[in-house]
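**Student:** just the structure for this:
(one chain, ligands or ions: 1)
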Amino acid sequence: MPSILFRNASVTTMDTRRPVAQAVLVRDGTIAWVGQEQDIPLQRVDRIIPCGGATLLPGLNDAHIHLLALASSLRQLDCSRGAVASILDIQGLVRATAQATPPGQWLRGRGYDEFYLREQRHPSQADLDAAAPSHPVRLDHRSGHASVLNSLGLELVGIGLDTPDPPEGVIQRDVDGQTTGLLLEMGSYLSQRMREFRAPEQMTEMVSETSQALLRWGVTSLQDASPENNMERWRTLRAMREKGALQQRLTFMPGIHHLAQFTNAGLAYGAGDDWLRLGPAKLVVTLTTGVLYPPEEEILALVRDAHRNGFPVAAHAVEEEAIITVLRAFQASKDSWGSSPLPDRVEHCSEATPKVQMLLKATNAMVVTQPGFIYESGERYVATVPPEKQPWLYPLRTLRYLGVPLAAGSDAPVASPNPWRVIYCAVTRRSADGLALHPEQGLPLEDALRLYTVGAAAAAGEGGLKGTLQAGAPADMALLDRHLVEAAPDDLLTARAVLTMVGGEVVWEM
Ligand SMILES: [Zn+2]
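**Tutor:** This is a model prediction of the structure:
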C-alpha cells in the first residue's frame, strides 16, 4: 500500500488534544503522523497530495442507514416532494412506467408525503388502479411506516375483505369495510409476502452505485439499522463486500427478532472484521396505531435477552411515550444484569422532552439523531406536532449541554443519504423552504461534525481512535472541495469530497 502525505490542508482532527493541524502522513492503512507543515517528518513517501488549504477530516460515518433499501430505491419511482406535487403527478408516473413494463410485474414507488401533495391525502387503491390496472403497485410513504397498494397488489400479498389486521399494523378500511389501499406499519408483513424477483447481479450493481455516491460525499463507514437484518442479509452484504461493490466499512445491526440466528451460529457482538462487523440489536417500538408495539413486557423481554447475549440494543423510538418505555427497559435490564459498558442507543429520539432528558442521563444511553428530517419535514412538524412539544424536537444543543452522547445518521432512504444535508440541519435547523425549527437548538459546526465521526464511532462500540485523525487511527478520511470553517452555513449543503480514503486506500478521487 503506498504511503501518502497530505500537505497544506486545514485538518479537522476530532482529537481534542490537537483539534487542528496542517499535514497528515498515511502508511500501511493507518495514520502515522499528524502535525504542522514545519514538523513534517523527513521520510520518503510514495505520493504527496497538496490540499490548497481545503478541509481534511475523518471519513464520515452514517450511524443509521438502510443500505439495501437505499440501493433498491434507485430503481423505484421517485414520488418525493421534489419530484411530484400531486396524486395526479404520481398517477402519471405510474401510468408511464406501467406502459413500459410487462403486465404482472411489481411497480414500486417511494417517498410520497401526503402533507406536501396538492390533494392533502394519501393516494388510494382506486387512484393506483386507475393508473395501472394490470400491474401490482406499491407506493411507500416517505417515513417508511405506511404503504399504499392497488387492488392487484393487495390480492398478491393476500389482503382481502376479511383479512384481520396484524398485531403490529393497520389495514385501513372505509365506512363500508372496503380496503382503501393504505397500510400502516406493515413493511415487514409486505416484504415476507412479496415475490419481487431481482437477480443478485442487479442488486450488486445497485449497491455499488449507492456506495460510490456515498464516497463522493466523503462517507467511509455505515451502520445498517434494518429490523429485517437476518443471517441471509449478513451473508449477502459480506458477498457485496468481497466483490468490491461495497467500499465503506459496515456495522450490521441484527434485527432483534433474528438475534438467535447469530448467537446460535456463535456470532457475538463485534464479530466479523474491520469491514463488516456485527453491531447492536435493532428493536423497533412504534406508537403509530395508537398503542405501543410491541407491548411493554415484550420490549423488556427482548432487551433482557439481547443484553444477556452480550448485545447492546438500538431501539427505534420517536414519540415521548415510546422513548420513555425503551429507556425504562434499558434501565431495568441493566439493573438485573449489572451495569453494562455497552452503548444502548435510542434511534431518532424525536420528542426528547425534559422527562426523556432525565432518563437519558440516568441510563447513559446514546441518542442517534436524524436532523435531516427537519429539512424534509420542517413545515409538517410545525403543523402537526403539539406546540408544547415542538421545542423538544431533536433538541441537540440541550442534549449536548447535558452530556448525552450523540451520533447522527441519514436514515436513508427515509431521508436523503447526503451527510452534508444532515450536518447543515444540525447547525441551522432549516427546512428545504427555509423555515427554521427552534434554531436555538442548532449546534456549532465542530459539534455537528462530531455526530458523524467520533460520535458515530462510539455508537457502533468503536470509540477511541476511529473517527479521529491522530497517529494510530485507521486512515479513513475525506478531503473536501472547500475550507469548511470559512464557508457560510448554506455552503454546507453542496460540500463534496474531492478525495476519499478508506483504510489508507484512495477509493474516490475527483
Ligand atoms: Zn431507520
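**Student:** would you map the strands across the stretch 401-510 of the chain?
**Tutor:** Assigned by DSSP state E, counting those that start in this stretch, the stretch 401-510 of the chain shows strands spanning 406-408, 477-480, 497-502, 505-509.
**Student:** average pLDDT for the second one, rounded please.
**Tutor:** To tie it back to what came earlier, the one meant is strand 477-480. The pLDDT scores in strand 477-480 average 98.
**Student:** cool, and the longest one?
**Tutor:** If you average the pLDDT over strand 497-502, you get 98.
**Student:** give me the contacts around that strand.
**Tutor:** 4, 26, 49, 54, 59, 215-220, 247-249, 475-481, 506-510 (Cβ atoms under 8 Å, 6 or more residues apart in numbering). Bear in mind the C-beta positions are built from the backbone N, C-alpha and C, glycine included.
**Student:** in its sheet, which strands sit next to that strand, and in what direction?
**Tutor:** Applying DSSP bridges, strand 497-502 is found paired with strand 477-480 (antiparallel), strand 505-509 (antiparallel).
**Student:** likewise for the shortest one?
**Tutor:** Partners of strand 406-408 in the sheet, by DSSP bridges, are strand 366-369 (parallel).
**Student:** what pLDDT, on average, does the strand it pairs with get?
**Tutor:** What strand 366-369 shows for mean pLDDT is 98.
**Student:** that one vs the ion: in contact?
**Tutor:** No - using Cβ under 5 Å from the ion, strand 366-369 stays clear of the ion, with a minimum separation of 9.5 Å.
**Student:** continuing past that strand, what's the next helix or strand?
**Tutor:** Where DSSP states H and E defines the elements, the next helix or strand beyond strand 366-369 is helix 372-384.
**Student:** can you give me the pLDDT of whatever residue of the stretch 351-500 of the chain ends up closest to the ion?
**Tutor:** The nearest approach of the stretch 351-500 of the chain to the ion comes at residue 411, 4.4 Å away (Cβ to the ion). For residue 411, the pLDDT comes out at 96.
**Student:** end-to-end on stretch 141-155?
**Tutor:** 20 Å (Cα to Cα, to the nearest Å).
**Student:** quick one: that stretch near the ion?
**Tutor:** No - Stretch 141-155 stays clear of the ion (Cβ under 5 Å from the ion), getting no nearer than 6.7 Å.
**Student:** so how far is that stretch off the chain centroid?
**Tutor:** Averaging C-alpha positions (Cα atoms, centre = their mean, to the nearest Å) puts stretch 141-155 22 Å from its chain's average.
**Student:** can you pull the buried residues of that stretch?
**Tutor:** 141-154 (16 or more other Cβ atoms under 10 Å).
**Student:** mean confidence (pLDDT) on it, please.
**Tutor:** Averaged across stretch 141-155, the pLDDT comes to 93.
**Student:** give me the helices and strands touching the helix or strand of the chain with the lowest mean pLDDT, please.
**Tutor:** The helix or strand of the chain with the lowest confidence, counting by mean pLDDT, DSSP states H and E, is helix 187-193 at a mean of 86. Using 3 or more Cβ pairs under 8 Å, 6 or more residues apart in numbering; DSSP states H and E as the contact test, no helix or strand touches helix 187-193.
**Student:** and for it, what's in contact with it?
**Tutor:** So helix 187-193 is contacted by 138, 140, 144-145, 147, 156-158, 166, 168-169, 183, 227-228 (Cβ under 8 Å, 6+ apart).
**Student:** kindly report the same for stretch 380-388.
**Tutor:** 113, 115, 116, 351, 374, 390, 393, 435, 437.
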